[in-house]
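>>> here's my sequence, what's the structure:
(2 chains)
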Amino acid sequence: MRRRDFINIAAVSFAGMGAVAVVVPLIDQMNPSADVLALASTEVDLSAIQPGQAIKTTFRSQPLFVRHLTPKEIAEADKVDVATLRDPQTLEERTVDGKKQWLITMGVCTHLGCVPLGAGEGENRGEYGGYFCPCHGSSYDTAARIRKGPAPKNLEVPEFKFTSDTAILVG
Amino acid sequence: MSFPWAEHYTPKHPVMQWMDEKLPLPRLVYNAVGAGYPVPRNLNYFWNFGVLAGLALVIQIVTGVIMAMHYGANDLVAFATVEQTMRDVNSGWLMRYAHANGASFFFIVVYLHIFRGLFYGSYKAPREMVWLLGLVIFLLMMATAFMGYVLPWGQMSYWGAKVITGLFGAIPVVGEPIQTWLLGGFAPGNASLNRFFSLHFLLPFVIAGVIILHIWALHIPGSNNPTGVEVKGPQDTVPFHPYYTAKDGFGAGVFLIIFSIMLFYAPNYLGHPDNYIEANPLSTPAHIVPEWYFWPFYAILRAFTVDFFFVPAKLLGVLAMFASILLLFFLPWLDNSPVRSGNYRPTFKKFFWILVIDVLILGYCGGAPAEEPYVMISQVAAAYYFAHFLIVLPLIARFEKPLPLPGSITESVLNRHNIKGEEDALPGMGADPQPSNAG
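This next block holds a predicted model:
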């Protein structure tokens, strides 16, 4: 290699690395900022939610569904052969031990992120009695598992714990 | 970048001569869209839509820059400042309605422009680069239109942003980080609104830049024409000015009349009432639809409802939707029939119209709710869309027997008017008064 080729390659490489180093912050600035990331966890009081009823609240600026299942709804969810599901999970795996009636899920359809119907009173719960996404017709069952339509996954169950018998802390 | 018989720019006035020596901008204009640019004499009115698309872009930039003077790109005030523009700003309603309807008209003329190219084989050699650059413009337009629709921060704005950025979330492994990166959060919010505003302001000027490349690439071989036969001599062309400046001027007048009718009498016809409700992250509108110009692609997205070979339905829909546009980049090499114009390709012509109907059906289904029978119809129509480009066009190119082509553009013009050869040299024939010979 000639000395002048080496100098040429070295100089261009040096400038190239510098350019790459400058691009990193230019791209990274679009990621969520500190104030967006500093999201508080959400506390939910369950005492007023009757069996069969559901409420809609927010967690990390996205909707959260808290649902008090009736014994009939639990039986319906347990009756399903898990092997036949698109995203196989039992109701037990989606709820806390001994508190199977409390179904806590994100209200974000796993297809493209719409808020499914079914948490509000009188809303369409779809043909499996859980939630129904009006955007592209995904139907979830009483364990919020995907049963029909384009969504690939069950409604996400966020991390949460019971702080008392009638209150949970999400996040 | 022209034919040898193109007229030469010879400035007479001393000021223009001085200018020509220092900065030959008038020369560039003269050679690009003036008397120095020879154009086939037989262009019909379908050749107006390129200029009309340019006019639509100018309308969008002028009204858009004005609206940016009254807009606050912040999720707390965005909706209110748009309403303020509508109610309080002098002529603000005019600017906003012109901008919103202008976007629709931009897409109308661009779709006609694209289908003109598809029918007359304008994508074929030697104009492949013109076609490819046109597709780049189309993609930029879609990105710009999508981000612009988010800015009023109504319900459709918010949920449209959520659904469209959700498309990227379908990509395995890197999808969710990409979606979060695009939005600057876990859901559309102030960060998303701000960046969309910034990019919505930038992209039209990028489009203007690519349009210059598009026209540059066009001017090397020159325009295609309804016969698809290349220009053979000076008798086949007329100067762009005054012949096509006049014809385009007339087209622009018709365009502006139709635009004004929409703008003044049905300004919300193409919009969605839900977008006059401020964005609410907790309530999805019953029926989320994008703007009409995205409906065919939206129908393809929704056509996939079952998993296939371990690929989730969601990812399939996203891939199919992007593929439906990327496919067009390969069109110049998929259709290798040497005959350009559909007027001389009887089999191609039939399938061309089937494609037009297919895209209209997809469009209708994309605007309809996600229920039967629309899902099934979209599946069939989406399958045909891909089959048309990947199977039908290559097969037609192979087996079709084209009609005999005219010897030249001039010959086809004279035959059409039953003019005998001795009148061949009559001047003025180039200003073809017939509106169209499209099939």
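>>> so which residues on the stretch 301-439 of chain B come close to chain A?
B:302, B:304-305, B:307, B:312-315, B:317, B:369-371, B:375 (CB under 8 Å from any CB of the partner chain). Using the backbone N, CA and C atoms, a C-beta is placed for each residue, glycine as well.
>>> repeat for the stretch 51-200 of chain B
Counting by CB under 8 Å from any CB, the stretch 51-200 of chain B comes close to chain A at B:159, B:162-163, B:165-167, B:169, B:180-182, B:184-187, B:189, B:191, B:195.
>>> repeat that with 10 Å
Residues of the stretch 51-200 of chain B found near chain A (CB under 10 Å from any CB of the partner chain) are B:159, B:161-167, B:169-170, B:177, B:179-192, B:195.
>>> of those residues, which belong to strands?
Of those, none are assigned to strands by DSSP state E.
>>> of those residues, which belong to helices?
Counting by DSSP state H, the part of these found in helices is B:159, B:161-167, B:169, B:177, B:179-183, B:190-192, B:195.
>>> hang on, the earlier thing: select only the buried ones of the residues of the stretch 51-200 of chain B next to chain A in ChimeraX?
Selection of buried members from those for ChimeraX, criterion 16 or more other CB atoms under 10 Å in any protein chain shown:
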select /B:159,161,162,163,164,165,166,167,169,170,179,180,181,182,183,184,185,186,187,188,189,190,191,192,195
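>>> about what we covered before: reformat the residues of the stretch 301-439 of chain B next to chain A as a markdown table; add distance to residue B:20, pLDDT and neighbour count.
Formatted as a markdown table, those follow (distance: CB to CB, whole Å; pLDDT from 0 to 100; neighbours: other CB atoms under 10 Å in any protein chain shown):
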| residue | distance to residue B:20 | pLDDT | neighbour count |
| --- | --- | --- | --- |
| B:302 | 57 | 84 | 28 |
| B:304 | 59 | 83 | 24 |
| B:305 | 64 | 75 | 21 |
| B:307 | 66 | 69 | 15 |
| B:312 | 63 | 77 | 22 |
| B:313 | 62 | 76 | 23 |
| B:314 | 60 | 79 | 26 |
| B:315 | 58 | 87 | 19 |
| B:317 | 56 | 88 | 24 |
| B:369 | 62 | 80 | 16 |
| B:370 | 61 | 73 | 23 |
| B:371 | 65 | 76 | 8 |
| B:375 | 63 | 88 | 21 |
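>>> okay if I get those as TSV plus secondary structure?
Below are these laid out as TSV (DSSP: H, G, I helix; E, B strand; the rest coil):
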residue	secondary structure
B:302	helix
B:304	coil
B:305	coil
B:307	coil
B:312	coil
B:313	helix
B:314	helix
B:315	helix
B:317	helix
B:369	coil
B:370	coil
B:371	coil
B:375	helix
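>>> please look at residue B:116 and residue B:224 and confirm they touch.
Yes: taking contacts as CB atoms under 10 Å, residue B:116 lies within contact range of residue B:224: 9.2 Å.
>>> more neighbours: these two, which one.
In terms of neighbours (other CB atoms under 10 Å in any protein chain shown), residue B:224 is the more surrounded of residue B:116 and residue B:224; the figures are 26 against 20.
>>> residues in contact with the host helix or strand of residue B:396?
Residue B:396 is located in helix B:393-399, with elements delineated by DSSP states H and E. Contact partners of helix B:393-399, identified using CB atoms under 10 Å, 6 or more residues apart in numbering or on different chains, comprise B:118, B:331, B:333-339, B:345-352, B:355, B:387-388.
>>> can you pull up the most central residue in chain B?
residue B:110 (2.6 Å; CA atoms, centre = their mean).
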